[in-house]
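Enquirer: following is a predicted model, sequence given first.
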Protein chains: 2
Amino acid sequence: MPGRSPEALKLAAGNGLLHRRLFMKRGAAALGAGSLGLLTALPSRAAPSWMRAPGRPMTGYGARSSHEDAVQRLTASVPGTDGCGISLTPLQSLEGTITPSSLHFERHHSGVPEIDPDAHRLLVHGLVKRPLFFDMASLSRYPMVSRILFLECSGNSSQAGLEPEPVTDTCGALHGLVSCSEWTGVPLSVVLDEAGVDPAAHWILAEGADAAAMTRSIPLAKAMDDALLALYQNGERLRPENGYPVRLFLPGYEGNMSVKWLRRIKLTARPSMTREETARYTDLLPDGRSLMFTFPMQVKSVITSPSPGLALAGPGLYQISGMAWSGLGRIARVEVSADGGATWAEAALSEPVLSKSMTRFRAAWRWNGAPAVIMSRAIDDSGAVQPTRAAIIAEKGMNFLYHYNGIQAWRVGGDGQVTNVYA
Amino acid sequence: MPGRSPEALKLAAGNGLLHRRLFMKRGAAALGAGSLGLLTALPSRAAPSWMRAPGRPMTGYGARSSHEDAVQRLTASVPGTDGCGISLTPLQSLEGTITPSSLHFERHHSGVPEIDPDAHRLLVHGLVKRPLFFDMASLSRYPMVSRILFLECSGNSSQAGLEPEPVTDTCGALHGLVSCSEWTGVPLSVVLDEAGVDPAAHWILAEGADAAAMTRSIPLAKAMDDALLALYQNGERLRPENGYPVRLFLPGYEGNMSVKWLRRIKLTARPSMTREETARYTDLLPDGRSLMFTFPMQVKSVITSPSPGLALAGPGLYQISGMAWSGLGRIARVEVSADGGATWAEAALSEPVLSKSMTRFRAAWRWNGAPAVIMSRAIDDSGAVQPTRAAIIAEKGMNFLYHYNGIQAWRVGGDGQVTNVYA
C-alpha cells in the first residue's frame, strides 16, 4: 500500500482547492480524508428491519426508491395553459453525465402529443428528386449511430445571470434547461441522399406532429453533417416528451431546432421564416436589432454541488462537482476557483470527454469554514472560453433572452448555505 | 452532394454483408436503400388526431409511452418464493449501449430490501488500522468517478448454449442477464487507504443488507484497483433493485460479486468461503472437480437484431445490430457472418469503445430471402477471441452453469422467422 504523498495534497489554487491528480487512479489515496468516516459509535449488532424479512419481488419495469420522490423536474406553464411551458432537470441531485430520461428537461409549445407509432409517418419532400414517406418500421431498417449528446434550450440560464439582482434558487431551477442522453438514430444524410437533394436546396424545414405544428428552418449543411433522426434515448425508444416515436436531433444546436414528433422535412432554397425563428429565438441587441439564426450553444459550465439547497455541514473536505458542455466541440479544460476568481485550479474531467456531450468535472476542496465564492469556467477545443457575466452584458446588454453562458458564482456562507452571487 | 460510390457497396463477406465503412461519416450515402421509403400512397392532408388538440402537460418525473408497455423484463423465481430469482433485460428491444435503469437485469437472493438511506451504514473493519463507519452523507463527500460499465451474471447465456437441443426464445430471455449503465461512486481504494490496510490482509469480505445477507470474498488487489462504492446509476441514485443506497461495483467481474445494499467490508487474510463461492458460482468440470473464484467475465457478443421474435419483413436491406463486451478490457473487433461462419466481415463499433463497457456493433446486410445463419464473434484487446460452442463443450463439458460465452448463431428462415441454432 502506498503511503500518503504530500505532493498529491499540494494546493492547486487559493482557499483550499486541491490538485486534480487526486482524481487519477489511486491519487485520492493521498487525501487522508480523516474525519468523514470515524467510528464515533459502535455499530448496532441488531440487523436492520429490512434484513429480517424477504424483500420485494422482481418487477418487469423498475422504479426508483420512494425516498427519492423529491427529486423532480420543476414545471412552469404559460398562464391559461398546462402544455405550453418548461420543466427543468434537477441538476443539483444528479451525478455522472447521463440524465435519466424521466428527468430530461422539457419545452413544449402545445403539450405532449400521444402518438400511435404505427400510424405516425415521416414525409421528406420539396426540392428532392424522389419524395419519401416512411413508417417507423421502414425507418428502423437503416444503419443507425449512437452518440452521447447534450441538449440545451437556448433560453437556459438567463434568469441566473440577467436579473438586476441575483436570484437564488436551486441549480436546476436556474440552469436545468439542459440534459444529456445517449441518442440512437438514422443519420439524416442517409435519408436525404436517398431522396436525392436538388442543387437548389440550401435549407430544410422540419415540422413536428404536436398541436403547435412546431417548425424550424435548418441549414442543409447541418442536416448533411451530423443530424440524426433519433429513435432511441438511453437505450429505449424515445420518451413521449422527447419526441416519440421520432425526433430530429441536431448536436450542439439550440434545443428548439431538434424538432420533436418529427412528421415532415421539406427541402427549400431559403429559410422559411417561421414564428420560432422570427418572433422567438432571436437575440435582442442594445441597438434594437436582433440576431437571427444563432444556432450553436456556446461553451458553458456550472457547479452543481455545492449549490443552493445543498448546504455544507461544516469545515472539511468536499467534492466540487459540475457539468461543462459546448455546442462547438469537446471540452478542453474546466477551471475552478474557490476565492471568487482570484486564482484557478484545473478540474479533473471524467472520461470519456466527447464532442457536444456533457462533461462531468470535479475538484476536491478543503473548506476552512469562512465565507467563500466558488465558480467554474469551461474552455472548449475551438479555444472558446466561457465569459464572465460582466463581459456578456457589456457586449449584449440585458434585454436578450437566449444564449446566456456566463460564469456562475456561488457564495458559500459561514453557515454553509449557498446563494447565487454576481461576482 | 457526393454520388454513390460502388466501392462503398462492396461486399465484405458472403451472403450480403456490406462493408462497415457504411457506418462512417456519410458512408451510408452509398446505400441507395431504395425501397424502404417509397411514396406508395399520397400522404393524407388531414392532420392526425394528436395535432388537433393540445397534448399532455409537463410532468415532474416522466414515463414512457403506453405503446411501449410490452417492453418488460422477464422474471422467474425459485418455486415457493417471489424474491429469489432473476429478471432479464429485453436486449432485442434496445439500441445503443446504455440499459435504461428500469430494464437493468436483476438477480436477488431474498428480494429487494426497502432501505431507508438515512438509517443505512457502511462498516469497514477487520485487518485495518482504523475501523470506519459511514452514513451516506459522509460517503458522498469523497471524490467520485463515473464510468460506463457492463454488469453480467455469470449464469447468463448457459440456457442458450448448453441444452441438448437449441431452445428458441427472445435474445433477452436467452442472454439478458447483462446490462450496461453509467455508474458513479467513490473508489473503494480511497476508503481502504483511509482505514489503513494491515499488510496481512489479502482479501475482503463484502456483505449486503438484504435478508439473505449475501456475502462474497474479493481479492484485495481488485478492491484497490478499480472497485467502486457506487451511489449513482445513469445519473440518479441507484435503483432499489441495484443496491440503493450503495453497492459494491467490480468492473468486469461476475455480477454476484458486486454486492448490493452494501453494509460491511471486512479485510481478511484469506477468502471467507461463503455459500455463494462454494455451493454456488463455481464451474463444474467433466472430471467432477470445480473451478472456484473464476472472477472476470470473458469476451462475448450477441446479435440483438435480427433475433427471435423480430421477423424480417422480406428480402432487402437490414441493419444487423448487437452488443459485445469483455471483463478483460476493451473490445478490439467484432466480426459478423451471414453464411454460418464460412466468411466474416468486420462490424462497425459505436464510439466511444470503453474498457469493461458494452460496445454496440452494427453491420448492413442485404438479405436475399433464402434461409441464412447469422452470428457474431468478439475479440478483446487482451487478444481473447469469443469461442465456438463446440470448443467450450470440448473443454468444459455440458454440466457447468457459469461463464458460458459461446458464439450465438441465429437462423433466419425463408419466412423471415429467426430461431436459435447450434452451428
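Expert: Ah, there it is. Numbering: from 1, shown residues only, chains lettered A, B, ... in the order given.
Enquirer: which SS class is the most far-flung residue of chain A relative to its centre?
Expert: What lies farthest from the middle of chain A is residue A:45; by C-alpha atoms, centre = their mean that is 44.7 Å. Put simply, residue A:45 is coil when judged by DSSP: H, G, I helix; E, B strand; the rest coil.
Enquirer: where exactly do the helices run in the stretch 51-200 of chain A?
Expert: Assigned by DSSP state H, counting those that start in this stretch, the stretch 51-200 of chain A shows helices spanning A:136-139, A:158-161, A:171-175, A:188-195.
Enquirer: what packs against the longest one?
Expert: By that I understand helix A:188-195. If you count contacts as 3 or more C-beta pairs under 8 Å, 6 or more residues apart in numbering or on different chains; DSSP states H and E, helix A:188-195 packs onto strand A:121-126, strand A:132-135, helix A:220-225, strand A:228-233, strand A:262-268. Any C-beta I mention is one placed from the backbone N, CA and C, and that applies to glycine too.
Enquirer: check the first one too.
Expert: In this structure, helix A:136-139 packs against strand A:228-233, with contacts taken as 3+ C-beta pairs under 8 Å, 6+ apart.
Enquirer: name the strands paired with the helix or strand just after the strand it packs on and say parallel or antiparallel.
Expert: Heading C-terminal from strand A:228-233, the first helix or strand you meet, by DSSP states H and E, is strand A:236-237. Using DSSP bridges, strand A:236-237 pairs in its sheet with strand A:228-233 (antiparallel).
Enquirer: contact partners of the partner strand?
Expert: A:101, A:104, A:122, A:136, A:139-140, A:144-147, A:181-188, A:191, A:237-239, A:242-243, A:245-249, A:251, A:262, B:94-96 (C-beta atoms under 8 Å, 6 or more residues apart in numbering or on different chains).
Enquirer: recalculate using a threshold of 6 Å.
Expert: A:101, A:181, A:183-186, A:188, A:242, A:246-247, A:249, B:95-96 (C-beta atoms under 6 Å, 6 or more residues apart in numbering or on different chains).
Enquirer: how about the helices in the stretch 251-400 of chain A?
Expert: Going by DSSP H, counting those that start in this stretch, the stretch 251-400 of chain A shows helices at A:275-278, A:389-396.
Enquirer: make JSON lines out of these and add mean pLDDT.
Expert: Output for the helices of the stretch 251-400 of chain A, formatted as JSON lines (pLDDT from 0 to 100):
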{"stretch": "helix A:275-278", "mean pLDDT": "92"}
{"stretch": "helix A:389-396", "mean pLDDT": "95"}
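Enquirer: which one of the ones you listed lies nearest to residue B:83?
Expert: helix A:275-278 (51.0 Å; C-beta to C-beta).
Enquirer: what are the neighbouring residues in contact with residue A:227?
Expert: The contact partners of residue A:227, by C-beta under 6 Å, 6+ apart, come to A:188, A:250.
Enquirer: quick check, pLDDT for it.
Expert: Looking at residue A:227, its pLDDT is 98.
Enquirer: do you know how far it is from residue B:410?
Expert: For residue A:227, the distance to residue B:410 (C-beta to C-beta, to the nearest Å) stands at 32 Å.
Enquirer: got it, and residue A:85?
Expert: Note on residue A:85: its distance to residue B:410, by C-beta to C-beta, is 47 Å.
Enquirer: who has more neighbours out of the two?
Expert: Using other C-beta atoms under 10 Å in any protein chain shown, the more surrounded residue of residue A:85 and residue B:410 is residue B:410, with 24 against 18.
Enquirer: touching, the more buried one and residue B:375? I think so.
Expert: No: with contact defined as C-beta atoms under 6 Å, residue B:410 does not reach residue B:375; the gap is 7.1 Å.
Enquirer: still on that earlier bit, would you list the helices of the stretch 51-200 of chain A in JSON lines and tack on mean neighbour count and mean pLDDT?
Expert: What follows is the helices of the stretch 51-200 of chain A, written out as JSON lines (neighbours: other C-beta atoms under 10 Å in any protein chain shown; pLDDT from 0 to 100):
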{"stretch": "helix A:136-139", "mean neighbour count": "18", "mean pLDDT": "93"}
{"stretch": "helix A:158-161", "mean neighbour count": "20", "mean pLDDT": "94"}
{"stretch": "helix A:171-175", "mean neighbour count": "26", "mean pLDDT": "98"}
{"stretch": "helix A:188-195", "mean neighbour count": "23", "mean pLDDT": "94"}
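Enquirer: and of the ones you listed, who's closest to residue A:325?
Expert: That would be helix A:171-175 among the helices of the stretch 51-200 of chain A, by C-beta to C-beta, at 11.0 Å.
Enquirer: put the alpha carbons of the closest one into PDB.
Expert: Extracted C-alpha coordinates of helix A:171-175, given in PDB (Å, rounded to 0.1, in the frame of the first residue of the first chain):
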ATOM      1  CA  CYS A 171     -29.000  24.900  -9.700                       C
ATOM      2  CA  GLY A 172     -31.700  23.000 -11.700                       C
ATOM      3  CA  ALA A 173     -34.200  25.900 -11.400                       C
ATOM      4  CA  LEU A 174     -31.600  28.300 -12.700                       C
ATOM      5  CA  HIS A 175     -29.700  26.100 -15.200                       C
END
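Enquirer: how far does that helix sit from its chain's centre?
Expert: 11 Å (C-alpha atoms, centre = their mean, to the nearest Å).
Enquirer: what about that helix, near chain B?
Expert: No: judged by C-beta under 6 Å from any C-beta of the partner chain, helix A:171-175 and chain B are separated, with a smallest distance of 11.6 Å.
Enquirer: what comes into contact with that helix?
Expert: Contacts of helix A:171-175 (C-beta under 6 Å, 6+ apart): A:74, A:88, A:89, A:90, A:91, A:92, A:157, A:160, A:302, A:304, A:307.
Enquirer: I'd say the first one and residue A:88 touch.
Expert: Going back to what we said before, that points to residue A:74. Yes: Residue A:74 is within contact range of residue A:88, at 4.8 Å (criterion: C-beta under 6 Å).
Enquirer: okay, those two: which has more neighbours?
Expert: residue A:88 (28 against 17).
Enquirer: check contacts around that one.
Expert: Listed by C-beta under 6 Å, 6+ apart, the contact set of residue A:88 reads A:73, A:74, A:105, A:172, A:173, A:176.
Enquirer: let's go with 7 Å and repeat that
Expert: Contact partners of residue A:88, counting by C-beta atoms under 7 Å, 6 or more residues apart in numbering or on different chains, are A:73, A:74, A:105, A:172, A:173, A:176, A:177.
Enquirer: residues in contact with residue A:20?
Expert: Contact analysis of residue A:20 by C-beta under 7 Å, 6+ apart lists A:12, A:346, A:347, A:348, A:363.
Enquirer: quick check on those residues: which are buried?
Expert: When the contacts of residue A:20 are checked for burial by 16 or more other C-beta atoms under 10 Å in any protein chain shown, the buried set is A:12, A:346, A:347, A:348, A:363.
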